[in-house]
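In: Sharing a model that was predicted from the sequence below.
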Amino acid sequence: MQPDIYMGKTVKYELEYIVRSSPSVLHNFLITPTGLSQWFADNVDNEGNTYFFTWNGVEEEAELLTTDDDDSIRFRWDYYDDDEFFEFRIEQGEITGDTILYITDFAEPNEVDSQKALWDSQIKNLIKRIGAA
């Protein structure tokens, strides 16, 4: 895990998860509205590079900033500063061949632990949905 880096009012942090799935299957769960709706939000729609995530009837908007083949996907919430984002990065371990999911995100310093716990919960749901548990 990378050390937290203070970037103004928010802290950048990175999480790492081993996901027993092929990178391409995992990628589909991270970028398609159908895949994201299965684990990340109650409902996800998109219009071009604008994604609409709904939780308990409340919609939040994020822009898809970049996608690099099947390796990384970077979004920015509409309320994030220009230098903030959340990113999914997929790598395969050189020795084990495991699929590793790295998540980079930003949070206020006093919210980092709760945000990490939320990601842990969501990734457990993702792993269950993929059938990799």
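Out: Sure, I can see it.
In: can we go C-alpha only for contacts and neighbour counts from here?
Out: Fine.
In: and the helix ranked longest in the chain, what does it pack onto?
Out: For the chain, the helix with the greatest residue count under DSSP state H is helix 112-130. With contacts taken as 3 or more C-alpha pairs under 8 Å, 6 or more residues apart in numbering; DSSP states H and E, helix 112-130 sits against strand 10-19.
In: Give the buried residues for the strand it packs on.
Out: Buried residues in strand 10-19, counted by 16 or more other C-alpha atoms under 10 Å: 10-14, 16-19.
In: tell me which element the residue nearest the centre of the chain is part of?
Out: Nearest to the mean C-alpha position of the chain, by C-alpha atoms, centre = their mean, lies residue 88 at 4.6 Å. Applying DSSP states H and E as the criterion places residue 88 in strand 86-92.
In: Provide the secondary structure category for the most far-flung residue of the chain relative to its centre.
Out: For the chain, the residue at maximal distance from the C-alpha centroid (C-alpha atoms, centre = their mean) is residue 95, at 24.6 Å. Following DSSP: H, G, I helix; E, B strand; the rest coil, we place residue 95 in the coil state.
In: ok, it - contacts?
Out: Counting by C-alpha atoms under 8 Å, 6 or more residues apart in numbering, residue 95 makes contact with nothing.
In: Low-confidence stretches in the protein?
Out: Applying pLDDT under 70 to the chain flags residues 1-8, 132-133.
In: on that earlier part again, so what touches the strand holding residue 88?
Out: Strand 86-92 is contacted by residues 23, 27, 30, 70-76, 98-106 when judged by C-alpha under 8 Å, 6+ apart.
In: Off-centre distance for that strand?
Out: Distance of strand 86-92 from its chain centroid, counting by C-alpha atoms, centre = their mean, to the nearest Å, is 8 Å.
In: Check stretch 120-129 too.
Out: Counting by C-alpha atoms, centre = their mean, stretch 120-129 comes out at 11 Å from the chain centroid.
In: In that stretch, which residues are buried?
Out: For stretch 120-129, burial by neighbour count (16+ other C-alpha under 10 Å) applies to 123-127.
In: Need the residues you listed in JSON lines (columns: distance to residue 54).
Out: JSON lines is the format used below for the buried residues of stretch 120-129 (distance: C-alpha to C-alpha, whole Å):
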{"residue": "123", "distance to residue 54": "18"}
{"residue": "124", "distance to residue 54": "19"}
{"residue": "125", "distance to residue 54": "17"}
{"residue": "126", "distance to residue 54": "17"}
{"residue": "127", "distance to residue 54": "21"}
